[in-house]
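# coordinates only, sequence not included:
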């Protein structure tokens, strides 16, 4: 029997979606890559009914489907990896009981166990404001479990419907449900979920259902750039320090979180093949300039590339704090700021670049890059202060 962990109640709304894993012709009807046991028949019937009921209640439905290429390495990397669900074949399609799809349903094709690896799953969920995933399907100890773990590490809330999941054996399934309850989130039956979760079709309900939360991100205003002109001339960035300091003062007055993303390179870092050594971790040059010194409670993320999001932990931190919009300042505009802003946009943090709180080694680079950032808001410090006052006054 699966362990029940009811410490987090099911929450309905457009921020909760049903994730249906691998109910495909090959896997359910043809026993590829392994046959489902006889006791799975009533579980499958219950799962189909659950999906239809959840859809009628207004929950978004996401179908996860293996879509392998012919000769996929998964077919030969291990002994049980026989060919299955090759894209474009009948075996890769959803079982007929789940058809036809509703126009609001979404499908994600994957080539590995996790629904997140190499797919647009995370982007779709962010675009739709979905924060919680309810899992059904098969196998519970492989594709469902690995998808849930990848979702958890991306700061989604997870919930498993124990009687709408199964695996090759009951023992494998029960162990997966115990592991899920201990490490990923609540486990409950379909009846428990449907009886405790409100209808998701509430009128006027916005995706995500939360107020806008702002934070300021200071990108790479370190001593090497501003004082030592490394890896390029930082005089123009230095000329913006007064504006940056004023912005931080304004932000802190209204309790906006302030975050720093600072270079912390290895002595022989990859980037130094192209650019002069700079911002080496543990050196004075890697520290924030005194004018913008962090205060107790500010978050500081260390980076080895241009992008403040790349392998730094910044995105999980923002997700945990429910930040929905980033105010970005720093430099150089055409390097670290540019690549951080585009990632902020891709991760749906709706960036605002403060034009006179960033600069580059030349006017051409600064002005041209700001033109390139057409996908985000760009405003002066004065306009930002006026905009922030209106927001604080509820206008």
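Nice, I can see it. Computed from a prediction, not measured in an experiment: that's the story for all the values here.

# mind checking the SS state of residue 97?
helix (DSSP: H, G, I helix; E, B strand; the rest coil).

# how about the one 5 residues further on?
Remark: residue 102 carries the secondary structure label coil [criterion: three-state DSSP].

# for it, give me its contacts.
Applying CB atoms under 8 Å, 6 or more residues apart in numbering to residue 102 gives the contacts 55, 61. Heads up, the C-betas are built off the backbone N, CA and C, glycines and all.

# and it, what pLDDT?
We have a pLDDT of 96 for residue 102.

# which segments of this structure make up each domain?
Listed by automatic domain parsing, the domain ranges of the chain are 16-196, 214-392.

# and the last one, how far out from the chain's middle?
The reference is to domain 214-392. Mean-position distance between domain 214-392 and its chain equals 21 Å (CA atoms, centre = their mean, to the nearest Å).

# how about the strands in this protein?
Taking DSSP state E as the criterion, the chain carries its strands at 16-21, 61-66, 106-110, 132-137, 157-165, 187-188, 214-219, 258-263, 299-303, 325-330, 352-358, 377-379.

# how close does residue 224 sit to residue 281?
Separation of residue 224 from residue 281 (CB to CB, to the nearest Å): 12 Å.

# neighbour-wise, which of those two wins?
Per other CB atoms under 10 Å, whichever of residue 224 and residue 281 has more neighbours is residue 224, with 24 against 14.

# burial of the residue nearest to that one when sequence neighbours are not counted, as a residue count?
Nearest residue to residue 224, sequence neighbours excluded (CB to CB, 6 or more residues apart in numbering): residue 285, at 3.5 Å. Residues lying near residue 285 (other CB under 10 Å) number 19.

# and what of residue 284?
Residue 284, neighbours per other CB under 10 Å, totals 11.

# now it: closest residue in space that isn't a chain neighbour?
Closest residue to residue 284 apart from its sequence neighbours, by CB to CB, 6+ apart: residue 223 at 6.0 Å.

# with residue 320 instead?
Nearest residue to residue 320 in three dimensions, chain neighbours excluded: residue 155, at 5.9 Å (CB to CB, 6+ apart).

# what sits against the one you found?
Applying CB under 8 Å, 6+ apart, the residues contacting residue 155 are 316, 319-320.

# top of these by neighbour count?
Counting by other CB under 10 Å, top hit in the contacts of residue 155: residue 319 with 16 neighbours.

# would you mind measuring from it to residue 137?
From residue 319 to residue 137 the distance is 25 Å (CB to CB).

# same check, this time on residue 16
17 Å.

# show me which of these two is the more surrounded one.
residue 137 (27 against 21).

# kindly state the pLDDT recorded for the more buried one?
98.

# excluding its backbone neighbours, what's nearest it?
Residue 137 sits nearest to residue 21 (CB to CB, 6+ apart), 3.1 Å away.

# specify the beta-bridge partners of that neighbour.
residue 64, residue 137 (DSSP bridges).

# related to what we said a few turns ago, OK, contacts around the residue nearest to residue 284?
Listed by CB under 8 Å, 6+ apart, the contact set of residue 223 reads 284-289.

# the same query, at a cut-off of 10 Å, please.
By CB atoms under 10 Å, 6 or more residues apart in numbering, the contact list for residue 223 reads 230, 234, 278-279, 283-290.

# now, among those residues, which is nearest to residue 82?
Closest approach between the contacts of residue 223 and residue 82, by CB to CB: residue 279, at 50.0 Å.

# is it true that the closest one touches residue 262?
Yes: contact criterion CB atoms under 10 Å: residue 279 and residue 262 qualify, at 7.1 Å.

# contacting residues around residue 191?
Contacts of residue 191 by CB under 10 Å, 6+ apart are 46, 50, 161, 163.

# would you turn those residues into CSV with distance to residue 145?
Output for the contacts of residue 191, formatted as CSV (distance: CB to CB, whole Å):
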residue, distance to residue 145
46, 20
50, 19
161, 13
163, 16
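
# from these, list just the buried residues.
Neighbour counting with 16 or more other CB atoms under 10 Å marks 46, 50, 161, 163 as buried within the contacts of residue 191.
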